[in-house]
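*Asks:* only geometry, no sequence info:
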């Protein structure tokens, strides 16, 4: 059973008229160095200073980005810039956004979720993780003891019990936060302290599982931090939860996109790569797409779903040639190629067996197909591999079987923002 808890969240004090568009950030894992600097310059209260602080040349064990984050965090609490909710609450959240000229609303809610090791089958991952990001997040958690950004969790509620109940409350309560960010997205948050609603949600989740959509590194970090405190704290249970935003998989605003692969510097020529690929794939060349729309149209028509038996991938080379790769039928029975998923086959069959990719710095991930093509055209990468749009059903099905997809297999759009609600551990 999943443990869902109301929290006394930390928020920017409601007494001040904050321009939230200047103080929120994306999650740390999509922030480039350039974007980090832009966020620092937006406002002295931008939450980048907590979520993803700068490193400085003279950093050492005593003075570093983690100690600075803790100092800023403590200062903001002392000055009343951040204040804790007076009563335990569940925070209803709507993101209003557009994609391909169509408008969407994604509904979710912020809450505390009890930690559970993956092997217990209550909180379920769908992607592999990397060691270095977990080290970074753990060190930040040790210094600040606070979840600054929510983990993105999914749950199954075909009847939309939680959503329908939440909609009733929204209609009778003014939002605590309502603003439009620099990307044109509208963010609306309601702090709900209604005991009947909280009890109903808590009871509902006793029969549910939670699937991690985004934030695997932060979840594993929260587990590790709890384990550390079991050994040294007299009351370790106050660390046995983390901050999540939970979304119903049947929500019409839940969009998932592929994350494509760029090979930067590799010791293989296009002709050699294509020859090796022809052992496993039927290779068909198409004319170079002259613009973004033509590229997207080709990929939409050519690529089958990640769960289809006739699995296809896209490849773009430095010779400005694009190919559609269709995996050969006889490989379906090869037990070494499992699961039947494009990102897994790309990782195991192409990158390991054909390219002999050993250095992960040679591999980059991009969501934008046209940007990936342009990177190859500019000589910044040797090849771009285009993968299929993952279906929510595939993600959930594989997760339930205990199969983890390769890193960066999915991209849920839009990202949850950081800075709306934070969870200081020990305050639930």
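*Replies:* Received the coordinates, thanks. Being a predicted model, the structure only gives us computed values, none of them experimental. Residues are numbered from 1 along each chain as shown.

*Asks:* Secondary structure element holding residue 154?
*Replies:* Using DSSP states H and E, residue 154 sits in strand 151-155.

*Asks:* swap in residue 226?
*Replies:* Counting by DSSP H and E, residue 226 is found in helix 216-232.

*Asks:* Now do the strand holding residue 154, average pLDDT.
*Replies:* Averaged across strand 151-155, pLDDT comes to 96.

*Asks:* Can you tell me what sits against that strand?
*Replies:* Contact with strand 151-155 is made by 2, 113, 123, 205, 208-215, 218-219, 242-249, 254, 392, 396, 412, 416, as judged by CB atoms under 8 Å, 6 or more residues apart in numbering. Bear in mind the C-beta positions are built from the backbone N, C-alpha and C, glycine included.

*Asks:* Restricted to strands, list those residues.
*Replies:* 113, 123, 210-214, 242-248, 412 (DSSP state E).

*Asks:* Which one (most neighbours) among those residues?
*Replies:* residue 244 (30 neighbours; other CB atoms under 10 Å).

*Asks:* pretty sure it is in contact with residue 110, am I right?
*Replies:* Yes: because the distance of 7.3 Å satisfies CB atoms under 8 Å, residue 244 is recorded as touching residue 110.

*Asks:* Mutual contacts of these two, please.
*Replies:* The contact sets of residue 244 and residue 110 overlap at residue 150 (CB under 8 Å, 6+ apart).

*Asks:* quick one: the worst-scoring helix or strand of the chain on mean pLDDT to chain centroid distance?
*Replies:* Confidence across the helices and strands of the chain bottoms out at helix 392-400, with a mean of 79, counting by mean pLDDT, DSSP states H and E. Offset of helix 392-400 from its chain centre (CA atoms, centre = their mean, to the nearest Å): 16 Å.

*Asks:* quick check: angle from it to strand 210-214?
*Replies:* Orientation check (axes from the mean of the first three to the mean of the last three CA atoms, to 10 degrees): helix 392-400 against strand 210-214 gives 120 degrees.

*Asks:* what helices or strands is helix 392-400 leaning on?
*Replies:* strand 210-214 (3 or more CB pairs under 8 Å, 6 or more residues apart in numbering; DSSP states H and E).

*Asks:* Try it again at 10 Å.
*Replies:* strand 123-124, strand 151-155, strand 210-214, strand 255-258, strand 410-413 (3 or more CB pairs under 10 Å, 6 or more residues apart in numbering; DSSP states H and E).

*Asks:* List the neighbouring strands of the fourth one plus their orientation.
*Replies:* According to DSSP bridges, strand 255-258 has the following sheet partners: strand 410-413 (antiparallel).

*Asks:* Show residues contacting the strand it pairs with.
*Replies:* Here strand 410-413 makes contact (CB atoms under 10 Å, 6 or more residues apart in numbering) with 30, 95, 97, 99, 104, 106, 126-127, 152, 154, 213-214, 247, 253-260, 306, 343, 365-367, 389-390, 392, 394-395.

*Asks:* Could you identify the most distant pair in the ones in strands among the contacts of strand 151-155?
*Replies:* Within the ones in strands among the contacts of strand 151-155, two members stand farthest from each other by CB to CB: 242 and 248, at 19.6 Å.

*Asks:* any idea how far the residue nearest to residue 140 when sequence neighbours are not counted is from residue 312?
*Replies:* Closest residue to residue 140 apart from its sequence neighbours, by CB to CB, 6 or more residues apart in numbering: residue 66 at 5.6 Å. For residue 66, the distance to residue 312 equals 45 Å [CB to CB, to the nearest Å].

*Asks:* can I see the domain layout of this structure?
*Replies:* Domain assignment of the chain by automatic domain parsing yields the ranges 4-256+413-424, 260-386.

*Asks:* Ok, which of these comes nearest residue 402?
*Replies:* domain 4-256+413-424 (8.2 Å).

*Asks:* Quick check: end-to-end length of the closest one?
*Replies:* Using CA to CA, to the nearest Å, the end-to-end distance of domain 4-256+413-424 comes out at 16 Å.

*Asks:* Now stretch 342-355: buried residues?
*Replies:* By neighbour count on 16 or more other CB atoms under 10 Å, the buried set for stretch 342-355 is 342-347, 349-351, 354-355.

*Asks:* First-to-last residue distance for that stretch?
*Replies:* 16 Å.

*Asks:* do stretch 250-266 as well
*Replies:* This stretch, stretch 250-266, spans 41 Å end to end (CA to CA).

*Asks:* re earlier: now distance to residue 403 too, for the domains of the chain, in CSV please.
*Replies:* Putting the domains of the chain into CSV (distance: least, CB to CB, whole Å) gives the following:
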stretch, distance to residue 403
domain 4-256+413-424, 8
domain 260-386, 5
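
*Asks:* Out of these, the one nearest residue 401 is which?
*Replies:* domain 260-386 (8.1 Å).

*Asks:* ok now the closest one, how far from the chain's centre?
*Replies:* Distance, stretch centre to chain centre, for domain 260-386: 23 Å (CA atoms, centre = their mean).

*Asks:* That domain spans what distance, first to last residue?
*Replies:* Terminal residues of domain 260-386 are spaced 5 Å apart (CA to CA).

*Asks:* Then stretch 250-265?
*Replies:* One end of stretch 250-265 sits 41 Å from the other (CA to CA).

*Asks:* quick one on the thing from earlier: how many neighbouring residues does the residue nearest to residue 140 have?
*Replies:* Neighbourhood size, residue 66 [other CB under 10 Å]: 19.

*Asks:* try residue 371
*Replies:* 13.

*Asks:* quick one: it is in a helix?
*Replies:* Yes: Residue 371 forms part of a helix when assessed by DSSP: H, G, I helix; E, B strand; the rest coil.

*Asks:* My guess is it contacts residue 316. True?
*Replies:* No: if you go by CB atoms under 10 Å, residue 371 and residue 316 don't touch, sitting 11.7 Å apart.

*Asks:* Checking residue 76 next. Helix, strand or coil?
*Replies:* State at residue 76, reduced to three classes by three-state DSSP: helix.

*Asks:* give the contact list for it.
*Replies:* For residue 76, the contact set (CB under 10 Å, 6+ apart) comprises 10, 12-13, 45, 47, 49-50, 82-83.

*Asks:* which element is the closest residue to residue 377 other than its chain neighbours on?
*Replies:* Nearest residue to residue 377, sequence neighbours excluded (CB to CB, 6+ apart): residue 320, at 6.6 Å. Using DSSP H and E, residue 320 maps to neither a helix nor a strand.
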